[in-house]
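> pasting the structure only:
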């Protein structure tokens, strides 16, 4: 309700009449409820970042940046579940992945995929932050707390994490713990997400458009490298104007479109476009999504092709993405039905047992690339 004072006389002694304007006919007419949201600053006070986690984030971001700028010849491998839906299962996966990350650290920078937000084509479960109990209760205050707690637990293992930045406010709750971020195919063209990326503290990968077009991603990199000013929310929960410095650690992710785009010809075409835009000739390849024709097991086949390109000396391929869970496949969320352990509730994944040979193959490809370059 807005109260407006309507003057009725020029006389100083006249008392104004109070008229109450009813704006409910035009304002928030489709809002069912407004609930309070915990502030990022308060959440960080509840769940502070220990020095060990700070070291992991800082060092892994720097390592990924060195890869992007040609100072480190390792592959960045972002691997993990399509989405997180259970803390204990995520930690079980993280412990297994940490063992592989340590064994292959000379060739691979392994970053665990920890995705909390899921873009939906129409409707569906939007992820761990939006609906952590998967029951339509939308306990978002619990979701941001559970998400931050999981990231801290994974970092405590010494394993860096990656996530997709979908919502424009959620980064304030967790981005300080993220070593690498993605902007998805549906949002790469979004000005708001390009502005967000320009101010993020971590390296960011932009996926090509859903139609397979790479130009939209190269345009996104150019935008994210630039300075911006935009409206947002501070960690104290107040609206503010943010001015960014620009992010020089951005790159393209090839994820396919109307057809796969992971072949040597596709890499050449993408890098030629990047070169014309004055950008670094480098790509990350997503083994999943359209590149595997949405057939999760084909990620293994795609990995073989990409590993061959790396082994033959292509240094423009700086990383890969793999959708992998404890167990193979996917499952639906059905009310009253218990979920199977370690199986994705969104896109289908390969199992961890299937993932290990893929990682080893990629590490061998890096060793072969080094030998080839050394022999020149």
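Great, that's in hand. Everything quoted here is computed from the prediction, not taken from an experiment.
> helices or strands up against the lengthiest helix in the chain?
In the chain, with assignment by DSSP state H, the single longest helix is helix 352-374. Where contact means 3 or more Cβ pairs under 8 Å, 6 or more residues apart in numbering; DSSP states H and E, helix 352-374 is packed against strand 75-80, helix 87-103, strand 108-113, helix 298-311, strand 317-325. (Each C-beta comes from the backbone N, C-alpha and C, glycine too.)
> so can I have JSON lines of those showing mean neighbour count?
Formatted as JSON lines, those follow (neighbours: other Cβ atoms under 10 Å):
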{"stretch": "strand 75-80", "mean neighbour count": "28"}
{"stretch": "helix 87-103", "mean neighbour count": "17"}
{"stretch": "strand 108-113", "mean neighbour count": "25"}
{"stretch": "helix 298-311", "mean neighbour count": "19"}
{"stretch": "strand 317-325", "mean neighbour count": "26"}
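> with distance to residue 138 and mean pLDDT added, can I get the ones you listed in TSV?
Written out in TSV, the entries for the helices and strands packed on helix 352-374 read as follows (distance: least, Cβ to Cβ, whole Å; pLDDT from 0 to 100):
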stretch	distance to residue 138	mean pLDDT
strand 75-80	24	99
helix 87-103	18	98
strand 108-113	24	99
helix 298-311	32	98
strand 317-325	24	98
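> can you add distance to residue 251 and give those back as TSV?
Formatted as TSV, the entries for those read as follows, by distance: least, Cβ to Cβ, whole Å:
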stretch	distance to residue 251
strand 75-80	9
helix 87-103	21
strand 108-113	14
helix 298-311	15
strand 317-325	7
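> follow-up on the earlier one: run through who's touching the longest helix of the chain.
By Cβ atoms under 8 Å, 6 or more residues apart in numbering, the surrounding residues in contact with helix 352-374 are 73-75, 77, 79, 93, 96-97, 100, 104, 106-108, 110, 297, 299-300, 303-304, 306-308, 310-315, 320, 322, 324-328, 350.
> let me see the contact set for the most centrally placed residue in the chain.
With distances taken as Cα atoms, centre = their mean, the chain has residue 164 as the residue nearest its mean C-alpha position (1.6 Å). Residue 164 makes contact with 115, 117, 181-184, according to Cβ under 8 Å, 6+ apart.
> now the two most distant members of those.
Using Cβ to Cβ, the contacts of residue 164 reach their maximum pairwise distance at 115 and 183, which is 12.6 Å.
> circling back: tell me the pLDDT of the residue nearest to the centre of the chain.
The predicted structure scores residue 164 at 98 on the pLDDT scale.
> where's it relative to residue 298, distance?
Here the criterion is Cβ to Cβ, to the nearest Å. By it, residue 164 lies 22 Å from residue 298.
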